[in-house]
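Q: what would the 3D arrangement of this be:
(chains A and B)
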Number of protein chains: 2
Amino acid sequence: MVITIGREFGSGGRELGRRLSENLGFAYYDKEIITGIAERTNLSEDYVHQIIEHKPIFSYPIHIGRSFYPIHDPIIRQNQEIYSEQHKIIKEMAEKSDCVIVGRCADYILRDMKPYRIFVYADMESKIARCRRKAPENESLTDKEMSNEIKKIDKNRAKYYLFYTDQTWGERMNYDLMINTTGKDIKKLAEFLAILVRQTP
Amino acid sequence: MVITIGREFGSGGRELGRRLSENLGFAYYDKEIITGIAERTNLSEDYVHQIIEHKPIFSYPIHIGRSFYPIHDPIIRQNQEIYSEQHKIIKEMAEKSDCVIVGRCADYILRDMKPYRIFVYADMESKIARCRRKAPENESLTDKEMSNEIKKIDKNRAKYYLFYTDQTWGERMNYDLMINTTGKDIKKLAEFLAILVRQTP
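A: From the prediction side, this is the model:
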């Protein structure tokens, strides 16, 4: 059994995924995916993380990234290589054991395995509050700046998801369950989800 | 405690709401709302149902329906009267006891009471199958025709919701939980929702 979690930045999706995996006794994959890609591609973890989360290359027309013609641009090639390794690693993880996988288009990559697909979201106020709790003490962003950063990260996630899956990130039909964590106790939500997932369908 | 359920036509939202109310021992309101409006407005139940579910009047600019100027068109007045009675009835129901209310903008009307807002959806194939199971034996619509009917009903629900709430129907931020019933056992979903709702937050 595989559970995939898409999430808005700051919504607590990662915490929910980790707690859910603990409740179920499942493996949990998140940053492990980036570490794996870095090892296999000989790129640094920071670089892989930057490509996947923050600065994927989308300024080229989509058909280039998907055509069968050789791609000469080394940056595009590197993006393709990273996605291709990500694809392989996620498949290997899912085949190895029951697991929870956070982000990285896993819902799409594993669609043949019919994963239970969760999307986690929250209102901006609650996402800012969460980011403040996790920020270093010398964090100096205003609420407005933080909100812009959060929106930028999610916009990139949406672009990345669209680019590789042809689907809209956060569109309900791509998920089995969508959870708003605003004002909710994530620990309790995870307990409930563990019961729900065990009994599905 | 109030639970509101928005739902795509054919998704099983009504069944989920009814079962959830039974599991929780809550009152359940659905068609009762229409009966109540009909009684208070001296309009027939069929007519009220038609206005609310199928043929609301939206062809007038929104500001007319909301302005303080007297409205001379009798059809618009009737629509406004129906919405106004619906508003009152839903408030009375929610204040009387814990309850589950299906549809009718209840999530918006009761927003000050912070209801637990659920949205239920499913893929088209599963909605058609559900409609077939519920249809009379002499039902002669093709799948294509049935799909068009389902889309039409949901389009009207979306318009009605937008008209009275200024919000997008089915947009995740307006709900606490969104559930895809495709391939799922609604009876079991209702059991788990009862657990979740009892624990909230």
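
Q: smallest gap between chain A and chain B, at which residue?
A: Distance from chain B to each residue of chain A (Cβ to the nearest Cβ) is smallest for A:Met178, at 3.9 Å. Where C-beta positions appear, they are placed from N, C-alpha and C, glycine not excepted.

Q: can you tell me the SS state at that residue?
A: Each residue gets one of three states, and A:Met178 gets strand by DSSP: H, G, I helix; E, B strand; the rest coil.

Q: and what of A:Phe9?
A: The three-state assignment at A:Phe9 reads coil, by three-state DSSP.

Q: run a quick neighbour tally on it.
A: Other residues near A:Phe9 number 20, with proximity taken as other Cβ atoms under 10 Å in any protein chain shown.

Q: neighbours around the nearest residue to it once chain neighbours are set aside, how many?
A: Among residues not flanking A:Phe9 along the chain, A:Ile153 sits closest, at 4.4 Å (Cβ to Cβ, 6 or more residues apart in numbering or on different chains). By other Cβ under 10 Å, 15 other residues sit near A:Ile153.

Q: pLDDT score for the residue nearest to A:Val2 when sequence neighbours are not counted?
A: Closest residue to A:Val2 apart from its sequence neighbours, by Cβ to Cβ, 6+ apart: A:Pro115 at 4.0 Å. For A:Pro115, the pLDDT comes out at 94.

Q: how about A:Ile82?
A: pLDDT, read off for A:Ile82, is 79.

Q: how much space separates it from A:Arg40?
A: According to Cβ to Cβ, to the nearest Å, A:Ile82 stands 10 Å off from A:Arg40.

Q: same thing with A:Ser147?
A: In this view, A:Ser147 and A:Arg40 are 36 Å apart by Cβ to Cβ.

Q: by mean pLDDT, flag the weakest helix or strand of chain A.
A: Least confident helix or strand of chain A, by mean pLDDT, DSSP states H and E, is helix A:62-66 with a mean of 46.

Q: who in chain A is up against chain B?
A: Selection of chain A residues close to chain B by Cβ under 8 Å from any Cβ of the partner chain yields A:119, A:121, A:123, A:170, A:172-173, A:175-180, A:182-185, A:188-189, A:191-192, A:195-196, A:199-201.

Q: hmm, A:Cys105 and A:Pro115 touching each other?
A: No: A:Pro115 is beyond contact range of A:Cys105, at 11.6 Å (criterion: Cβ atoms under 8 Å).

Q: compare A:Ile82 and A:Arg40 (neighbour count), which wins?
A: Using other Cβ under 10 Å as the criterion, A:Ile82 and A:Arg40 rank with A:Ile82 on top: 21 against 16.

Q: what's the distance between the more buried one and A:Phe9?
A: For A:Ile82, the distance to A:Phe9 (Cβ to Cβ) stands at 20 Å.

Q: check contacts around the residue nearest to the spatial centre of chain A.
A: Central residue of chain A (Cα atoms, centre = their mean): A:Gly103, 1.5 Å from the mean position. Contacts here follow Cβ atoms under 8 Å, 6 or more residues apart in numbering or on different chains; on that basis A:Gly103 touches A:Ile5, A:Gly6, A:Arg7, A:Gly13, A:Asp30, A:Arg157.

Q: now compare those residues and name the two farthest from each other.
A: Comparing every pair within these by Cβ to Cβ identifies A:Asp30 and A:Arg157 as the most remote, at 14.0 Å.
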